[in-house]
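Peer 1: I would like to see how this sequence folds:
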Amino acid sequence: MSFDRRTRIEHMRTADRSRERRNRVLAISLSVLVVAGLVGFGSYLVLDKSEASAKEPDVRAEDAKAPEADRKKPADGPIEGLKTWDAKKLTRNHVSTPVTYPMKPPVGGDHNPVWMNCDGEVYEKAIPDVNAVHSLEHGSVWVTYTDKASDADVAELAERVGRTPYSLMSPYEGQAGAIMLSAWGNQVTVDGAEDPRVDQFFTKFVQGAQTPEPGAACTGGLGAS
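Peer 2: All right, here's what the predicted structure looks like:
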């Protein structure tokens, strides 16, 4: 074999070895980049999840700071414990004689021609049934309480009635519950001023669908003596 040929073969082998080394270096570099990318992505997921977990208590804290009124909005649906009477059986005659009602406080029936003023009226003494029933006919809600009701509950309910047209409030001895709410043909006993059924009852029955004479006057009637 000639010298020139041996030289060319040696150069070719040297070139092949150089290409192999470059390929190995390139493969190793790519592997390092892939591993680094996977490690970086994994770290991002861990950090992202940690940040999300850290934010959850903050969200719960913000919910806890929401105004109490927003968290205690009356629920839609039926009023628990509500008693109802057939409106067709509640007579509506005007009478000037005493009337014996089958329920206390009464939720309808014959009544005096003069209504109790019910434009947010808070009466400190008991009022006549026959006049209060006429107020219910006009779409009012009547809040009644006994001496078993707490002073705080009475004060809070009085504030609620005082800012609500077509409502009235008075003490009522002899009723079944310490605090009761009545509208024409409807009645419920509540546990206190904070009972959510108070809001439900006012929302549903102040000038509600049960009203025999919607829009009738709540002033110009009988007031506190």
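Peer 1: ok, H111 - contacts?
Peer 2: Neighbouring residues of H111 by Cβ atoms under 8 Å, 6 or more residues apart in numbering: R92, N93, H94, V95, V99, V130, N131, V133, H134, E137. For the C-beta atoms, the positions are set from N, CA and C on the backbone; glycine is no exception.
Peer 1: now do the phi/psi pair for S167.
Peer 2: Dihedral angles of S167 (phi, psi; degrees, to the nearest 10) stand at phi -150, psi 160.
Peer 1: run through the bridge partners of it.
Peer 2: Counting by DSSP bridges, S167 forms beta bridges with D119, V141.
Peer 1: count of neighbours near it?
Peer 2: Number of residues near S167 (other Cβ atoms under 10 Å) recorded here: 28.
Peer 1: cool, V141 as well?
Peer 2: Applying other Cβ under 10 Å, we find 28 residues neighbouring V141.
Peer 1: isn't it up against P165?
Peer 2: No - with contact defined as Cβ atoms under 8 Å, V141 does not count as touching P165 (10.5 Å).
Peer 1: what's the overlap in contacts for those two?
Peer 2: Jointly contacting V141 and P165 under the rule Cβ under 8 Å, 6+ apart are V206.
Peer 1: mind listing the helices in this protein by residue range?
Peer 2: Ranges of helices in the chain, per DSSP state H, are 3-64, 68-71, 129-137, 151-162, 196-205.
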